[in-house]
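[1] could you look at this predicted model? Sequence included:
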Amino acid sequence: MTYTRHEDRPTGTVTALRALEALRAGVPNRESVLHLGTMQSQVVERYLANLEITARRANWESMDRVPAGLLIAGGFGSGKSHLLEYLAQRALQQNFVASRVVISKETPLYNLSAVYRAAINDARVPGRPGSAITEIGTGLQTESLRFAQLYRWLATDGSFVDHRLTATLRMFEQFASGDEEFVDKILQFWAGDQFGVAEIRRRLREAGWLGEYNIRSTREDVLCRDRLSFVSRLIAAAGYSGWVILLDEVELIGRYSLLQRGRAYAEVAQWLQGLTRDPSAPITTVLTTVDDFESEVLVARNDLEKVPSRLSLTAQASPQLLELANRGMELLRDHQMHLEPPTNEELDRTYHAIKALHGEALRWSPPDVQGIERLPSNRMRQYVRAWINEWDLIYLDPSYTPITLSTDVKVDLGENIQVEDEASSP
């Protein structure tokens, strides 16, 4: 197994302290992942190949209908979140816009609008510290070839895109150097805010363009899917290599009701296979879940049979939704990339890297510590926390000899319908 390190890692006491604190909390940040790198070389190899395909799409060099994403499985504390942050940093280095979304009560996977808003709000633009949508809008070069290609796509293959998006792009171009308040309203509409149909029609009428667009209200989930296609191509038109969206804790599907799970499975299929109406969008994704999701949810609850049956009885469920839900369950069952457990050599390398980090952060020379027993069942997070806790205790009291015990934590995938009322879901 190859251990992948990041050569461009920050140095210095402040960054060492930030990295150490992130490792203590179990919440990876840029400093910690660049310091430790990752040992998941197979995942990185597949991911870099997807970045290459996505960059070709962003540059209008390829429209290959190939899978858009990766599905990674691992136990609690196995390093999934660390890996996602590492992958985000690699994307930023290669000029991609990167978003990381943790699936939660506020961002249930079946609610695309919530996930989209979270992705936009979290998006990081390479070398730009501001709001992602503002930085993307600022980066648009309206005289560039990529901008012309975006317009050409909207008029042909992208003709399905809601005309409010197409019309506001034209208005953005018209007013980019003038009405800042109106331009900002357009940007926020692209990011997920509302923009009244009446106001858009009024603006188009004033410009003499009203007859060129079919401006009407559509369902929010349909508009949101169009936004994904549109904004990913805006990102390309602004000169970036595409959009990387990383979805963590997908296993929370197990907490939803049966109907919500069906809709979430359909979203899994879209994220991993590409958008149904726009599979060549310059988007690539990585989804993470626990390694026992199949046994705990798909098998134990018989979702493979119950979900299609439930969706077929729902008036709002289309045949396409049923097909996507089935495909999403198949992907979760058959197409996971399981995280490889650490070897003794990799544990030694990580131990010495964290030991050096602890010493740099606190300006001392940490002694060797025992940590926890090396067992196949132990997770990387358990080793890391044990080492750091023992060095922390010895730093405070050099005479103390710590002994660490660990217990396994099981993720609760029991159904919890309080996430969101089914009737309010698209």
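    That came through, no problem. This is a predicted model, so every value here is computed, not measured.
[2] drop to CA atoms for contacts and neighbour counts, all remaining ones
    OK.
[3] please, where are all the strands along this structure?
    69-73, 97-102, 243-248, 283-289, 337-338 (DSSP state E).
[4] redo those strands as TSV? Include mean pLDDT and mean neighbour count.
    Below are the strands of the chain laid out as TSV (pLDDT from 0 to 100; neighbours: other C-alpha atoms under 10 Å):
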stretch	mean pLDDT	mean neighbour count
strand 69-73	96	23
strand 97-102	97	24
strand 243-248	98	25
strand 283-289	97	26
strand 337-338	94	17
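[5] in the sheet, who's paired with the spatially most central residue of the chain?
    Nearest residue to the geometric centre of the chain (C-alpha atoms, centre = their mean): residue 246, 1.7 Å. Note on residue 246: beta-bridge partners by DSSP bridges are residue 100, residue 286.
[6] if I pick it, what's in contact with it?
    Residue 246 is in contact with 84, 88, 98-101, 285-287, counting by C-alpha atoms under 8 Å, 6 or more residues apart in numbering.
[7] repeat that with 10 Å
    When contacts are counted by C-alpha atoms under 10 Å, 6 or more residues apart in numbering, residue 246 touches 69-70, 81, 84-85, 87-88, 98-102, 119, 271, 284-288.
[8] for residue 415, which of the strands of the chain is the nearest?
    Closest to residue 415 of these, according to C-alpha to C-alpha: strand 283-289, at 16.2 Å.
[9] got the angle between the closest one and strand 243-248?
    Relative orientation of strand 283-289 and strand 243-248, computed by axes from the mean of the first three to the mean of the last three C-alpha atoms, to 10 degrees: 10 degrees.
[10] just checking, what packs against strand 283-289?
    Strand 283-289 sits against helix 41-58, strand 69-73, helix 80-93, strand 97-102, helix 220-237, strand 243-248, helix 258-273, strand 337-338, with contacts defined as 3 or more C-alpha pairs under 10 Å, 6 or more residues apart in numbering; DSSP states H and E.
[11] look up phi and psi at residue 218.
    Backbone torsions for residue 218, taken as degrees, to the nearest 10, come to phi -130, psi 170.
[12] contacting residues around it?
    Contact analysis of residue 218 by C-alpha under 10 Å, 6+ apart lists 162, 164, 224.
[13] same thing with residue 200?
    164, 167-168, 171, 186, 206, 210, 215-216.
[14] same question for residue 158.
    150-152, 166, 226, 229-230, 277-278.
[15] in the stretch 1-150 of the chain, where is pLDDT below threshold?
    Scanning the stretch 1-150 of the chain for pLDDT under 70 picks out the ranges 1-12, 63-66.
[16] can you put the strands of the chain in a markdown table and add distance to residue 324?
    Formatted as a markdown table, the strands of the chain follow (distance: least, C-alpha to C-alpha, whole Å):
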| stretch | distance to residue 324 |
| --- | --- |
| strand 69-73 | 15 |
| strand 97-102 | 22 |
| strand 243-248 | 18 |
| strand 283-289 | 16 |
| strand 337-338 | 20 |
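[17] walk me through the domains of the protein.
    1-127+241-426, 136-224 (automatic domain parsing).
[18] what's the nearest residue to residue 54 if we skip its chain neighbours?
    residue 282 (5.0 Å; C-alpha to C-alpha, 6 or more residues apart in numbering).
[19] typo on my end, residue 70
    Nearest one to residue 70, counting by C-alpha to C-alpha, 6+ apart, is residue 286 at 4.7 Å.
[20] right, and that neighbour touches residue 243 too?
    No. Under the criterion of C-alpha atoms under 10 Å, residue 286 makes no contact with residue 243, lying 11.5 Å away.
[21] ok, now which ones touch residue 210?
    Counting by C-alpha under 10 Å, 6+ apart, residue 210 touches 167, 200-204.
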